[in-house]
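Here's my sequence, what's the structure:
(2 chains)
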Amino acid sequence: MTPHRLLGRFLATALILMPVAASAQSLLNVSYDPTRELYKDIDKQFSTAWKKQTGETVSVATSHGGSGAQARAVLDGLQADVVTLGIASDIDALAARGLLARDWSSRLPNHAVPYTSTIVFLVRSGNPKHIRDWPDLVRDGVSVVTPNPKTSSGGRWSYIAAYLWALHANNNDESKAETFLTQLYRHVPILDTGARGATNSFVQRGQGDVLLAWEDEALLAAHDLGAGRFDVVYPSASVVAEPVVAVVDSVVGKKNTARQADGYLRFLYTPQGQEIIAAHHYRAIDPAVAARHAADFPRLVTYDVESAGGWSVLQPKHFGDGGVFDRITRPAR
Amino acid sequence: MSVSPPLRRSPMALGLTLLAWLAAVLFLLLPLASLGTEALRKGLGGVLRALADDDALAAIRLSALVVAVCVPVNTVCGLFAAYALTKYDFPFRGLLLVLIELPLSVSPVVAGLVWVLLFGAHGWFGPWLAAHNIAVVFALPGILLATLFVTFPFVARTVMPVMESQGRAPEEAATMLGAGFGSVFLRVTLPEIRWALLSGVLLCAARALGEFGAVSVVSGHIPGQTETVPLHIETLYNGYDTVGAFSLAAVLALCSGAMVASRTLMDWLRGRRSVAR
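Modelled structure (predicted):
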């Protein structure tokens, strides 16, 4: 007990030195990588809307990183009131450790999916390597930039989009699909830990011929970063990517912020929130908002993750230790 | 200074000197120049606006606090560790030496992860800390611990050679003449090592200010709360705010430059004095 008590005394002193930042009315949103611009807007407009609605002042801070890495930080004790991550399996991992209820996805509309996105190709202006569809990615001399699927949800959706396409193109032949994935990742010279790192490698540092990425990242780069420097290519088929949001019960219980955290996530579903979402190149789920922005988001064939067994099967099979991803990226002997 | 004049004028020496300058310009000045150019892309106003941003100011305050805590703590600890190691014989002295140098050879990621393993939610002390509502990792204490760990060796390592060369005779003589530990340390040891000590303090401060890896692991990356200047630079860069990122980076580079320059100036002053003596 003595070392504990000593430690406690030391920490108590350290805490006194700490600025009183964590008052009850501040929320922490732990989010995935590409949502930096989106939540900058959402946080600001939510505070204004909440003030008008309830008279309370609530400020929101948002932290960003690869979805898997962020989930890991919350698991290790990062005090997130809400998590807004790129993929359901990352929140499931938190639920499995008891940080929130296992039925978290039924507590918000549309299975806790406030918007969708998809996986597309971003190429250099004029598409010099003529990249039109998935088979073009594994041609000789094509170098592909995509995030690491183990740490990044964008990386995982990209991998699964390639996998689902390969399954459909090969009459559901597992081994042929795996061969395609092996070839694809042989063309990947850089595996950044998060989506934004991969975009930076492609956009700012000029690496690779094609960025395999979230549609929102690709549109952001093509429209807002260097107009005319990049083209977005929609492949013949892709995947419906579904980022998810949830209140972290164990944290809001302690901080007494459950009501504000829930209000924050529900704000994403309001027409105002959906407008902000669409303006940041994510696909709104509100039909009226989606219709207004239909011209910005081409319709494309998408395969459903459920057709291949759903994430509860795909996650351990492909990204678990010694799974398919480990196998195909092992150096050839 | 010991180089004899003929060797200094040989073509070989001239070539090597030119090469050294070329390397310095290519690898040091060029990146620094690019830093300044990128920061000034939107003029001086852009730099000032970027530095006046709330999150940038919070990052500067946090980094200043980290330096203000880590430098005094490590100066005192480093001084006494060095004193003990050079003035006394005790069992496992070699082991202590190795331990002091450990942070220099351990990767910063590991230096951060050890604190997560100890104080994280599933770490050794995690449940106890959570029950008492004490935040260590992803909060200020974790950032301080990580920085203390990586900056620990600097003071001890810079003052030890000087203490060693001084030998134990002065302290022994002072003690025999009746001086207590305090006055021996303050009036005999400290005056001899003061330049080395200052140099070590500056090195320690520079590293505390610039540490990225270890702090990144325990930070949680909350803008305005747990981001030090190096971490906030990364966040700005990833948010496509190049002017903001490079403005802060330039400030950081200027601080480091000032520390290195004052260290060189001190060494030069000290060199002149010892020559005069």
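
In space, what's closest to A:Phe202 - neighbours in sequence excluded?
A:Leu211 (4.0 Å; C-beta to C-beta, 6 or more residues apart in numbering or on different chains). To be clear about C-beta, it is placed using only N, CA and C from the backbone, and glycine gets the same treatment.

hang on, that neighbour in a strand?
Yes: A:Leu211 sits within a strand when classified using DSSP: H, G, I helix; E, B strand; the rest coil.

who does it bridge with?
A:Leu122, A:Val145 (DSSP bridges).

correct me, but it touches A:Leu219?
No: using C-beta atoms under 8 Å, A:Leu211 is not in contact with A:Leu219, being 11.8 Å away.

Give me the more crowded residue out of those two.
Using other C-beta atoms under 10 Å in any protein chain shown as the criterion, A:Leu211 and A:Leu219 rank with A:Leu211 on top: 28 against 21.

and the more buried one, what does it touch?
A:121-123, A:144-146, A:198-199, A:202-203, A:217-218, A:221 (C-beta atoms under 8 Å, 6 or more residues apart in numbering or on different chains).

And the residue nearest to the spatial centre of chain A, what's its pLDDT?
Nearest to the geometric centre of chain A sits A:Gly86, at 2.6 Å (C-alpha atoms, centre = their mean). With respect to pLDDT, A:Gly86 scores 94.

so what's the residue nearest to it when sequence neighbours are not counted scoring on pLDDT?
Spatial nearest neighbour of A:Gly86, excluding adjacent residues (C-beta to C-beta, 6+ apart): A:Ser153 at 2.5 Å. pLDDT for A:Ser153: 92.

swap in B:Val184?
88.

interface residues of the stretch 51-200 of chain B facing chain A?
B:69, B:116, B:119-123, B:125-126, B:128-130, B:132-141, B:144 (C-beta under 8 Å from any C-beta of the partner chain).

Of these, which belong to helices?
The helices, defined by DSSP state H, take in B:69, B:116, B:119, B:126, B:128-130, B:140-141, B:144 from those.

Tell me the secondary structure at A:Leu219.
Assigned with three-state DSSP, A:Leu219 falls in the helix class.

From B:Ala130, how far out is it?
Distance of A:Leu219 to B:Ala130, computed by C-beta to C-beta, to the nearest Å: 41 Å.

So, low pLDDT: which residues of the stretch 51-200 of chain B?
Counting by pLDDT under 70, the stretch 51-200 of chain B shows no low-confidence range.

all strands for it, in order.
Applying DSSP state E, counting those that start in this stretch to the stretch 51-200 of chain B gives no strands.

now swap in the stretch 1-150 of chain A and tell me
A:26-31, A:59-64, A:82-85, A:115-124, A:144-145.

on that earlier part again, identify the residues contacting the residue nearest to the centre of chain A.
A:32-33, A:67, A:152-154, A:156-157, A:195, A:241, A:243.

try A:Asp81
Applying C-beta under 8 Å, 6+ apart, the residues near A:Asp81 are A:27-29, A:247-248, A:251-252, A:255, A:257, A:260-261, A:264.

By mean pLDDT, point me to the weakest helix or strand of chain A.
Here the helix or strand of chain A ranked lowest by mean pLDDT, DSSP states H and E is helix A:2-16, holding a mean of 48.

Could you pull out the helices in the stretch 51-200 of chain A for me?
A:67-75, A:88-96, A:109-112, A:153-169, A:174-186, A:195-203 (DSSP state H, counting those that start in this stretch).

Dump those to TSV, plus mean neighbour count.
Formatted as TSV, the entries for those read as follows, by neighbours: other C-beta atoms under 10 Å in any protein chain shown:
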stretch	mean neighbour count
helix A:67-75	25
helix A:88-96	21
helix A:109-112	15
helix A:153-169	25
helix A:174-186	16
helix A:195-203	26
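
give me the low-pLDDT residue ranges for the stretch 201-333 of chain A?
Ranges of the stretch 201-333 of chain A meeting pLDDT under 70: A:332-333.

Look up the closest residue to the residue in it that chain B sits nearest to, ignoring the ones flanking it.
Closest residue of the stretch 201-333 of chain A to chain B, C-beta to the nearest C-beta: A:Leu225 (6.3 Å). In this structure, A:Leu225 finds its nearest non-sequential neighbour in A:Val203, 5.9 Å apart by C-beta to C-beta, 6+ apart.

Just confirm that neighbour contacts A:Phe230, I think it does.
Yes: in this structure A:Val203 lies within contact range of A:Phe230 using C-beta under 8 Å: 7.4 Å.

Now the common contact residues for the two.
Counting by C-beta under 8 Å, 6+ apart, the residues touching both A:Val203 and A:Phe230 are A:Ala221.

Write the PyMOL selection for whichever of the residues of the stretch 51-200 of chain B next to chain A are buried.
Remark: buried members of these, expressed as a PyMOL selection using 16 or more other C-beta atoms under 10 Å in any protein chain shown:
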select buried, chain B and resi 69+116+119+120+121+123+125+126+129+134+135+136+137+138+139+140+141+144
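
show me the contacts for the closest residue to A:Arg283 other than its chain neighbours.
Spatial nearest neighbour of A:Arg283, excluding adjacent residues (C-beta to C-beta, 6+ apart): A:Thr116 at 4.7 Å. Neighbouring residues of A:Thr116 by C-beta under 8 Å, 6+ apart: A:240-243, A:282-283, A:285.

Filter these down to the ones in strands?
The strands, defined by DSSP state E, take in A:240-241, A:283 from the contacts of A:Thr116.

I'd like those residues as TSV, with distance to B:Val201 and neighbour count appended.
Compiled in TSV, those are given as follows (distance: C-beta to C-beta, whole Å; neighbours: other C-beta atoms under 10 Å in any protein chain shown):
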residue	distance to B:Val201	neighbour count
A:Val240	58	17
A:Ala241	52	27
A:Arg283	55	20
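
As CSV, those with distance to A:Tyr185 would be great.
Shown next, in CSV, are the ones in strands among the contacts of A:Thr116 (distance: C-beta to C-beta, whole Å):
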residue, distance to A:Tyr185
A:Val240, 23
A:Ala241, 19
A:Arg283, 27
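
Please identify which of the residues you listed is nearest to B:Thr226.
A:Ala241 (29.3 Å; C-beta to C-beta).

just checking, the closest one touches A:Ser117?
Yes: judged on C-beta under 8 Å, A:Ala241 makes contact with A:Ser117 at a distance of 4.7 Å.

Common neighbours of those two, please.
Common neighbours of A:Ala241 and A:Ser117 (C-beta under 8 Å, 6+ apart) are A:214-215.

So for B:Leu28, what's the pLDDT?
83.

Next, it: secondary structure please.
helix.

So it versus A:Gly206, what's the distance?
24 Å.

about what we covered before: including distance to B:Glu171, could the strands of the stretch 1-150 of chain A go into JSON lines?
Shown next, in JSON lines, are the strands of the stretch 1-150 of chain A (distance: least, C-beta to C-beta, whole Å):
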{"stretch": "strand A:26-31", "distance to B:Glu171": "53"}
{"stretch": "strand A:59-64", "distance to B:Glu171": "52"}
{"stretch": "strand A:82-85", "distance to B:Glu171": "59"}
{"stretch": "strand A:115-124", "distance to B:Glu171": "68"}
{"stretch": "strand A:144-145", "distance to B:Glu171": "62"}
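
Show me the one of those that comes nearest A:Asp103.
strand A:82-85 (15.5 Å).

Quickly run through the sheet partners of the closest one, with directions.
As assigned by DSSP bridges, strand A:82-85 forms pairs with strand A:26-31 (parallel), strand A:244-247 (antiparallel).
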